[in-house]
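K.L.:
No sequence on hand, only this structure:
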């Protein structure tokens, strides 16, 4: 049932996203694709993801009917380690979002990535620290210097 709710929410989000993209004013000068091209590509990607989810729902429904017809095991969802991992990552992401302003982009992003890489790439501390810190610092300077995006400094002096 949860997959159907996610599918409905994804389709609703795609509809709202395409409506919002249509509200972007078109400029007659400049890039022939205009400012709507990239948002529309993202919207198409969202619809492709929804289509993939629909295919998975149809396959799982067919498997469940086949299993039930053969007297197979119950299709009741059970919480295993992977479900708890998704919940833990969602909570960790919420903590990252909450600390983004007070700690700043670089520090909050580096800590966020370090914890994730420490879990998924265990016992590789040097690589995890280097990846987390370098990604946070390089992306900060790319966003602020090259793209002119204002990111929160937080407690760091730069």
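P.N.:
Perfect, I can see it now. All figures in this text were calculated on a predicted structure; none of them were measured in a lab. Numbers count the residues shown, from 1 in each chain.
K.L.:
Quick check: the gap between residue 103 and residue 154.
P.N.:
As defined by C-beta to C-beta, to the nearest Å, residue 103 lies at a distance of 4 Å from residue 154. Bear in mind the C-beta positions are built from the backbone N, C-alpha and C, glycine included.
K.L.:
Which one's more surrounded, those two?
P.N.:
More neighbours sit around residue 103 than around the other of residue 103 and residue 154, counting by other C-beta atoms under 10 Å; the figures are 20 against 16.
K.L.:
contacting residues for the more buried one?
P.N.:
With contact taken as C-beta atoms under 8 Å, 6 or more residues apart in numbering, residue 103 is in contact with 111, 154, 155.
K.L.:
Could you list which of those belong to helices?
P.N.:
By the criterion of DSSP state H, membership of the contacts of residue 103 in helices covers residue 111.
K.L.:
Put together CSV for the contacts of residue 103, with pLDDT and distance to residue 44 on each row.
P.N.:
Supplementary listing: the contacts of residue 103 in CSV, determined by pLDDT from 0 to 100; distance: C-beta to C-beta, whole Å:
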residue, pLDDT, distance to residue 44
111, 96, 34
154, 86, 36
155, 87, 40
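K.L.:
wait, which of the contacts of residue 103 is closest to residue 14?
P.N.:
If you rank these by distance to residue 14 using C-beta to C-beta, residue 111 comes first, at 32.7 Å.
K.L.:
Poorly predicted segments of the chain, please.
P.N.:
Along the chain, the model assigns pLDDT under 70 to residues 1, 27-34, 69-77, 158.
K.L.:
quick check: domain ranges of it?
P.N.:
If you go by automatic domain parsing, the domain ranges for the chain are 2-69, 81-146.
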